[in-house]
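Peer 1: Quick one, what's the 3D model for this:
(one chain, ligands or ions: 1)
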Amino acid sequence: MTNNYPLIVGVTGASGLIYAVRTLKYLLEDDRPVELVASKSTYIVWQSEQNIRMPAEPTLQEEFWREQAGVPNSGKLRCHPWQDVGANIASGSFRTQGMMIIPCSMSTLGKLAAGLSSDLLERAADVQLKEGRKLVIVPRETPFSLIHLRNLTTLAEAGARIVPAIPAWYHNPQTIEDLVDFVVARALDQLGIDCVPLKRWKEDEGSH
Ligand SMILES: Cc1cc2nc3c(=O)[nH]c(=O)nc-3n(C[C@H](O)[C@H](O)[C@H](O)COP(=O)(O)O)c2cc1C
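Peer 2: Numbers count the residues shown, from 1 in each chain. Now for the predicted structure:
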């Protein structure tokens, strides 16, 4: 880790909340500070896909995410209401080591590409870009429309790193978690964070 500033984790209403859960698991287990903001639609996806009600109150939501991630104590997690555009992470003066949006919906993608900040998640992401900090976007949609692809390009041109939720198969995955963890590890790689156990390509062969 380059510094001990918190990492912002943004969660949107795209399918695959397990990506966010596994990200949190590894960051908290590694004792890292995390500021989390989940969009309004995230509540609907938890309900639709898992039949789980995500609490809105920040302390209860922290307990909720910790329970989902199976990390009751370690790390530092602070959850923010999606509408709180006056939160610390809404300001560039609040120092962070960047932000990851995982999973990222096409709606949030479009708003970020247009420079809109209609909720705290979008504002925090916009701040990372304007401050020249790392913004890692893990888009989840298939197929992509031309509009999605253009928005991805716009954000890449603005400095964001795009890490699509596309797992690899060369690390011999055995479980869904193995597949998810590959994406999480590659997304965290973009931030210089190495806390996910991952069998990397030819790593065990040593350097030549
Ligand atoms: C169960 C469920 C799954 C969804 N999956 C996706 C998805 O994978 N990708 C996507 O772009 N939108 C998906 N959506 C639609 C978004 O939730 C919707 O566009 C929402 O407005 C996104 O808002 P947000 O970006 O503020 O979270 C899904 C919606 C539901 C209810």
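
Peer 1: same for the helix ranked longest in the chain, what does it pack against?
Peer 2: Using DSSP state H to assign secondary structure, the helix with the most residues in the chain is helix 176-189. On a contact count with 3 or more C-beta pairs under 8 Å, 6 or more residues apart in numbering; DSSP states H and E, helix 176-189 meets helix 18-29, strand 99-104, strand 135-139. In short, each C-beta sits where N, CA and C put it, glycine included.

Peer 1: Tell me which of these sits nearest to residue 204.
Peer 2: Ranking the helices and strands packed on helix 176-189 by distance to residue 204, with C-beta to C-beta as the measure, places helix 18-29 first at 21.0 Å.

Peer 1: Pull out the buried positions in that closest one.
Peer 2: Neighbour-count burial for helix 18-29 flags 18-28 (criterion: 16 or more other C-beta atoms under 10 Å).

Peer 1: Return the distance of it from the chain's centre.
Peer 2: The chain centroid and the centroid of helix 18-29 are separated by 9 Å under C-alpha atoms, centre = their mean, to the nearest Å.

Peer 1: packing partners for that helix?
Peer 2: Based on contacts counted as 3+ C-beta pairs under 8 Å, 6+ apart, the elements that helix 18-29 packs against are strand 7-11, strand 33-38, helix 58-69, strand 99-104, helix 176-189.

Peer 1: and the angle from the fourth one to helix 18-29?
Peer 2: Going by axes from the mean of the first three to the mean of the last three C-alpha atoms, to 10 degrees, strand 99-104 is angled at 150 degrees with respect to helix 18-29.

Peer 1: average model confidence for the helix or strand just after strand 99-104?
Peer 2: Later in the chain than strand 99-104, the nearest helix or strand by DSSP states H and E is helix 106-113. This predicted structure assigns helix 106-113 an average pLDDT of 98.

Peer 1: Packing partners of the next helix or strand after helix 106-113?
Peer 2: Scanning forward in sequence from helix 106-113 by DSSP H and E, the next helix or strand is helix 120-130. When contacts are defined as 3+ C-beta pairs under 8 Å, 6+ apart, helix 120-130 packs onto strand 7-11, strand 33-38, strand 99-104, helix 106-113, strand 135-139.

Peer 1: repeat that for 6 Å
Peer 2: Under the contact criterion of 3 or more C-beta pairs under 6 Å, 6 or more residues apart in numbering; DSSP states H and E, helix 120-130 touches strand 99-104, strand 135-139.
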